[in-house]
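>>> Sequence and predicted structure below; questions after.
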Amino acid sequence: MNEGVLISAQDLVLNINDRALLDRASLALSAGDRIGLVGRNGAGKSTFMRLLAGEAEADDGVITRRRELVTGYLSQAFELDPEITVIEAARDGARHVLALIHEFENLPGYSSRHDHLEERIQQLEGWTVDSRVRTALNQLGCPPDDRKIGGLSGGERRRVALARALIARPDFLMLDEPTNHLDTESVEWITEFLAGYPGGLLVVTHDRHFLDSVATTIVELRNGKFERYDGNYSEYLLQRAEKLATEELTEHKRQMFLRREIEWVRRRPKAQTSKSQARLDRFSAAESAGPPPSESEMELVIPPPPPLGNRVVDIEGVGMQFGGRRLFSDLSLNFAGGTRIGVTGRNGLGKTTLLRILLGEMPPTEGEVRIGSLTRFNYVDQGRLRVNEERTVLEEVSDGTEWVQWGDEKLSLRGYLKRFLFTDDRITTQVKHLSGGERSRLLLARVLKRGGNFLVLDEPTNDLDLQTMRVLEEALTLFPGCVLVVSHDRYFLNRVCTGILAFEGEGQVTFSEGNYDYYLEKRRRAASGSGGGAREFKVTGSPAGSKAGKPRKLSFKEQRELEGIEAVIQVAEAEVTEREAQFVDPEFVRKNGARMQALLAELETSKAKVAVLYARWEELEAVRAASAGQS
């Protein structure tokens, strides 16, 4: 092994159910690596981690580990002893360190191992194990120390398992979906923790903001091979777009060459000289090379909804208390077609309770929810639906019918499932043989098949791969109905939401127009007292006895800004259109191949500028409308 390499995987081959997950795949993992492993669900990312952790074996190939290598591993299907307590489970992650400490403390003073053990314990920061356990359990929002594992929910168990993986400070840390079931504050803590982590890191996650913050290298598992890209997730997207464009150009040139050579072959030259034979050989080689592997794209997956009425949902002065504890109060929201509100905040503050009140599953302790006569809810909860392992994909989704209502038309069930990337052979496969990603797509297909014009989604992105998430985000932004989504995925909230409802603790709920980053910026300005940020929030759940101030009016400067902002938006949108048109030009890649990454970055900057302008326009309009209503 090369110096600095901790784990080396060479020529790995793995076939599962006649599918090649790894096809002579090789990857070296070093001490300084911060690798984000991406790829479609079912591509083999979790399976590869299990191979590295020694929990599975490849059909062929070699995995080599450095001597005395200590690894930490959080799998999706982790196991914890149900009979032990939270603190015992967390400390179990450092059992190798605790064993060294036990041996050290029981050594006779003259032992030759004394110095070696002391040095190794210091390398592993063994003398601070207990304080690290306490910090990890607190920051990850784990249950009390004395709770038995068997009595915890799935999300609580996952947080304990994550703490167990982190506290050992292993040489190499492998995390499979570490941010699932974590609230925003816990994700921020683990992001900061990993930024200063001294060992190597390999992480599989759907959280793109987390990848941007933590990863310095992206490795994509594609068609059984590893493709390595330097940089974080955003830089990976730019590099991959450039690579695919180059592959497309190469394929175009190959097809042009084949067409020319086919014409030459058809003329059948009489003299089969060595020169003509060499030309035939080049034709044969180009023909046999074939095109680059193509990837199926998931289509928009949300059935067209029935029309909404004039009233969709009005939440007026709603509040909720449990056992004398106030979760929130005086919450008022009005939904209209195209409204997409993201709900965020720490676990246990009342987000899911609000969803249940909205759906009529529990009455509020104060206020009223008025639902329009044409409003039809479709609720996707965290647990989704249980599946029958023995049934096929088709049987699980069919519910006795072979058709799906698609607006005014009907779509065959097989056609519907193909939109979720299920091929004919996978449609008739039993659920027990599906990968984790295929199960997620199956459950999403089953839930969304119910239709509805008001989608209520509770952590919808858990366990979806990045490509599926991008398509779901696009589908939600084009959805003409209403969307209320609970999520801790910052990237998802930024792309989808037109407003953020933030549960901030102590009964306070804040509503902000715009996406999640815009909410954070206004919160920062409010906290610092700059720019009038405190007046830009709509806050509910204020302390008892407090009175809301009068709505503020636009300043003279803001009035002029509002009057001219539509023209500014038109100019910004025209710039985006002009930049996008460049990429349609067939000669664009040839002329600008060296500048591709920079031009893609400029396009994304232009799009972000439009989003900020729209958010600012909505903010100013909201202030104007509120002040006009009081005049």
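Noted; the coordinates are in hand.
>>> any weak-confidence spans in the stretch 401-550 of the chain?
Applying pLDDT under 70 to the stretch 401-550 of the chain flags the ranges 436-437, 463, 529-550.
>>> hey, where'd the helices end up in it?
Using DSSP state H, counting those that start in this stretch, the helices of the stretch 401-550 of the chain run over 413-418, 424-427, 436-448, 466-478, 490-496, 516-528.
>>> packing partners for the second one?
Judged by 3 or more CB pairs under 8 Å, 6 or more residues apart in numbering; DSSP states H and E, the packing partners of helix 424-427 are helix 393-398, helix 413-418. For glycine as for every other residue, the C-beta is placed from the backbone atoms N, C-alpha and C.
>>> could the helices of the stretch 401-550 of the chain go into CSV alongside distance to residue 91 and mean neighbour count?
Listed next are the helices of the stretch 401-550 of the chain as CSV, based on distance: least, CB to CB, whole Å; neighbours: other CB atoms under 10 Å:
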stretch, distance to residue 91, mean neighbour count
helix 413-418, 46, 19
helix 424-427, 43, 15
helix 436-448, 29, 21
helix 466-478, 34, 18
helix 490-496, 32, 23
helix 516-528, 35, 18
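>>> In TSV, list these along with distance to residue 36.
Below are the helices of the stretch 401-550 of the chain laid out as TSV (distance: least, CB to CB, whole Å):
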stretch	distance to residue 36
helix 413-418	29
helix 424-427	27
helix 436-448	17
helix 466-478	10
helix 490-496	13
helix 516-528	21
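>>> Residue 394 is nearest to which of those?
Minimum separation from residue 394 across the helices of the stretch 401-550 of the chain (CB to CB) falls at helix 424-427, 5.2 Å.
>>> Please state the offset of the closest one from the chain centre?
26 Å (CA atoms, centre = their mean, to the nearest Å).
>>> which other residues reach that helix?
Applying CB atoms under 8 Å, 6 or more residues apart in numbering, the external contacts of helix 424-427 come out as 392, 393, 394, 414, 417, 418, 434, 438.
>>> so which pair among these is furthest apart in space?
Most distant of the contacts of helix 424-427, by CB to CB, are 414 and 434, 16.6 Å apart.
>>> what's the helix or strand for residue 389?
Under DSSP states H and E, no helix or strand contains residue 389.
>>> Tell me who's in contact with it.
Contact analysis of residue 389 by CB under 8 Å, 6+ apart lists 430, 431, 432.
>>> There's contact between residue 146 and residue 89 in this structure, I believe.
No - the pair residue 146 / residue 89 is not scored as a contact, 11.7 Å apart, by CB atoms under 8 Å.
>>> more neighbours, these two?
residue 89 (24 against 9; other CB atoms under 10 Å).
>>> now whichever strand or helix holds that one, how far from the centre of its chain.
Using DSSP H and E, the element containing residue 89 is helix 86-92. Put simply, helix 86-92 sits 28 Å off its chain's centre (CA atoms, centre = their mean).
>>> packing partners for it?
The contact analysis (3+ CB pairs under 8 Å, 6+ apart) places helix 86-92 against helix 129-139, helix 154-167.
>>> pLDDT averaged over that helix, what's the number?
In this model, helix 86-92 has a mean pLDDT of 90.
>>> Same list, the contacts of helix 424-427, but as CSV with distance to residue 156 please.
Below are the contacts of helix 424-427 laid out as CSV (distance: CB to CB, whole Å):
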residue, distance to residue 156
392, 34
393, 31
394, 35
414, 40
417, 34
418, 38
434, 27
438, 27
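>>> give the contact list for residue 333.
By CB under 8 Å, 6+ apart, the residues touching residue 333 are 313, 314, 315, 341, 501, 511.
>>> Out of the residues you listed, which is nearest to residue 484?
For the contacts of residue 333, the residue nearest residue 484 by CB to CB is residue 341; the value is 5.3 Å.
>>> In what element of secondary structure is the closest one found?
Going by DSSP H and E, residue 341 is in strand 340-345.
>>> how far out from the middle of the chain is that strand?
On CA atoms, centre = their mean, the centre of strand 340-345 falls 15 Å from the chain's centre.
>>> And the helix or strand following it, what does it pack against?
For strand 340-345, the following helix or strand on the C-terminal side (DSSP H and E) is helix 351-358. Contact analysis of helix 351-358 by 3+ CB pairs under 8 Å, 6+ apart lists strand 313-322, strand 325-335, strand 340-345, strand 454-458, strand 482-486 as its packing neighbours.
>>> Name the residues of the fourth one that come out as buried.
Residues of strand 454-458 classed as buried by neighbour count (16 or more other CB atoms under 10 Å): 454, 455, 456, 457, 458.
>>> need the contact list for residue 219.
Counted by CB under 8 Å, 6+ apart, residue 219 has contacts 27, 35, 36, 37, 38, 226, 227, 228, 229.
>>> Show the buried residues in these.
Counted by 16+ other CB under 10 Å, the contacts of residue 219 give 27, 35, 36, 37, 38, 226, 227, 229 as buried.
>>> If we only consider the buried residues of strand 454-458, which is nearest to residue 109?
Of all the buried residues of strand 454-458, residue 109 sits closest to residue 458, with 59.5 Å by CB to CB.
>>> Which residues are in contact with residue 563?
For residue 563, the contact set (CB under 8 Å, 6+ apart) is empty.
>>> got it, and residue 65?
6, 7, 71.
>>> Report the beta-bridge partners for it.
Beta-bridge partners recorded for residue 65 (DSSP bridges): residue 7.
>>> how near is it to residue 36?
Distance of residue 65 to residue 36, given as CB to CB, to the nearest Å: 21 Å.
>>> same deal with residue 18?
29 Å.
>>> next one: residue 238
Taken as CB to CB, the span from residue 238 to residue 36 is 15 Å.
>>> now swap in residue 361 and tell me
On the measure of CB to CB, residue 361 and residue 36 end up 38 Å apart.
>>> got a pLDDT number for residue 272?
With respect to pLDDT, residue 272 has a value of 55.
>>> cool, residue 268 as well?
Looking at residue 268, its pLDDT stands at 59.
>>> mind pulling up the phi and psi values for the closest residue to residue 14 other than its chain neighbours?
In space, and not counting its chain neighbours, residue 14 is closest to residue 22: 4.2 Å by CB to CB, 6 or more residues apart in numbering. The phi and psi values for residue 22, taken as degrees, to the nearest 10, are phi -130, psi 130.
>>> where are the low-confidence patches of the stretch 1-150 of the chain?
Using pLDDT under 70, the stretch 1-150 of the chain drops low at 1-3.
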